[in-house]
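In: Pasting a predicted model and its sequence here:
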Amino acid sequence: MKKTKLGEFEELVLLTVVVLQEDAYGVRIKGELEERINEKLSVGSIQSALKRMEEKGFLTSKFGEATKKRGGKRKRIYTATPYAFRVLSELKDVRTRLWESLPKFAHDLKIS
Amino acid sequence: MISQDQITPPKWSLKLLRYFVKERYLEEIEGDMEEEFHKNLDRCSIKKAKLIYCLEVLKLMRPTIIKNLGGDRYGNRYDLVKNNFIVAFRSLKKKKLFTVINVLGLALALTLNAFLFLWVGSEFSYDSFHKHADRTYRVCSNISLAGQDFSSCMAPPPLADKLIREFPEVEDATRIWNWQNISVTHFEESGDPKIYNEDFVFEADSNFFQFFDFKLLQGNPDHILNDKWTVVLSESIAKKYYGNDVLERDDIIGKVIQITLWGNDIMSTVVGIAEDAPQNSHFHYNILLSTYSDPWSTSQAWTDNTYYTYVKLREEVHPGVTEAKFPDFIKVNVAPK
């Protein structure tokens, strides 16, 4: 857990990559995440999160096909690494356990 | 109508993008940006889509994406410089005593250097708050008397007046004289006298506040120190005598203090309050007394150097011009025989 250093925003981007599977490239990730969190994002924020996570070993990538809309430039398709899956599920476990430990009354207050 | 495919992102913006994005990311990011641009064209005007594109390019300037700033380890130079640091650090660690001596020495030297800069800066700032500091001079005398040479930074009492009248390049001149250890009595509300021993009691000519740029906080600058036994107090002296709220009060002008000079107690009227001379002034006054109070101020004696005499030359006059006239001037006035 200590070494993972996955930021909150990075975690969201990473999960989106996993969800999109073969379709996970820059603009598509941006559109998907914008829709889900209902907030405008810039190409720069998505791209820098992707690059950082690739450097940290959460993602691998390969070139995809080029389209006319992209001015003939190729896409880059991102794939989560097994390490990323492990960290994601660890994070989820930690959260779940924390939620389970919430005192009953606090739980009522939050949810009702 | 132009088809959508023919509309391209703003050229200079694209150029900028190509300039700063890391080469290995360029194709992907450029493509993403272009796709995003066409997506925007579907829902808003060309102008707005172009504007969004420009903003997005600016938002791309992030450490992870920009060339050569953090993380781009493909350059040779980066490794080289990094290695230099590693080697330097290792050698510092190895020779601890020398490291301590060198680092402390460098720190000490840099500190002294900084102090030196501050000190020299303060020296150079002296009197610079006077607007015409660059053309204000003090007249000094070199005197040869009974075979002995000495110099003084004071000049004879009649000189200032004579300079204004006879030297066309002289715009103005003024005199001051400094009394030390003067006994000054101030009367409290109850009438009780309170005696202070004051230094820096200056005699000053009536044009003192026109000549220098010391601010007069209270009093009429056009008619000040015109009459015998009138004084201007410095702010701190005024506060000392009358309390800290002197500047809000309007009853200070007209108050009377008693100055003891030549064994006589003389009542003097306060006609103004001046700011304290700034720290980088070459003289600091506590009380300014009109020169007319002192009979010596109107003396015509040329053989006594008793007044600091300041001269303001007209613009673009070289002081040498005035200086060159002095030998003849001295012959006529000081030693006519």
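Out: That came through fine. Note that the structure is predicted; figures quoted are calculated from it, not measured. Numbering: from 1, shown residues only, chains lettered A, B, ... in the order given.

In: hey, where'd the strands end up in the stretch 101-250 of chain B?
Out: B:136-139, B:141-145, B:148-152, B:170-179, B:182-187, B:193-198, B:201-204, B:216-218, B:230-234 (DSSP state E, counting those that start in this stretch).

In: tell me the most buried of those strands?
Out: Comparing the strands of the stretch 101-250 of chain B by mean neighbour count (mean count of other Cβ atoms under 10 Å in any protein chain shown), strand B:230-234 comes out on top with a mean of 25. Glycine gets a C-beta too; all of them are placed from N, C-alpha and C.

In: What's the nearest residue in chain A when you look at chain B?
Out: Residue of chain A nearest chain B, by Cβ to the nearest Cβ: A:Lys73 (2.9 Å).

In: Let's see the pLDDT reported for that residue.
Out: Turning to A:Lys73, the model gives it a pLDDT of 87.

In: What helix or strand is the nearest residue to it once chain neighbours are set aside located in?
Out: The shortest distance from A:Lys73 to any non-neighbouring residue, by Cβ to Cβ, 6 or more residues apart in numbering or on different chains, is to B:Gly31 (2.9 Å). B:Gly31 is part of helix B:23-43 when elements are defined by DSSP states H and E.

In: so who does residue 17 touch?
Out: Going with chain A. Listed by Cβ atoms under 8 Å, 6 or more residues apart in numbering or on different chains, the contact set of A:Val17 reads A:24, A:29, A:59, A:78-80.

In: actually it's chain B I care about, not the one you picked
Out: So B:Leu17 contacts B:29-30, B:33, B:57, B:60 (Cβ under 8 Å, 6+ apart).

In: Counting neighbours, which of those residues comes out on top?
Out: Neighbour counts for the contacts of B:Leu17 (other Cβ atoms under 10 Å in any protein chain shown) peak at B:Met33, which has 26 neighbours.

In: pLDDT of the helix or strand following the helix holding B:Gly31, averaged?
Out: Note on helix B:23-43: by DSSP H and E, the next helix or strand toward the C-terminus is helix B:46-59. What helix B:46-59 shows for mean pLDDT is 90.

In: Enumerate the positions of helix B:46-59 that are buried.
Out: B:49-50, B:52-54, B:56-57, B:59 (16 or more other Cβ atoms under 10 Å in any protein chain shown).

In: Is chain A within reach of that helix?
Out: Yes: with Cβ under 8 Å from any Cβ of the partner chain as the criterion, chain A is reached by helix B:46-59 at B:55-56, B:59.

In: Name the nearest of the buried residues of helix B:46-59 relative to chain A.
Out: Compare each of those with chain A using Cβ to the nearest Cβ and the shortest gap goes to B:Lys59, at 4.0 Å.

In: Which elements pack onto the lengthiest helix in chain A?
Out: Scanning chain A for the longest helix, with DSSP state H as the assignment, gives helix A:82-101. Applying 3 or more Cβ pairs under 8 Å, 6 or more residues apart in numbering or on different chains; DSSP states H and E, one finds that helix A:82-101 makes contact with helix A:8-20.
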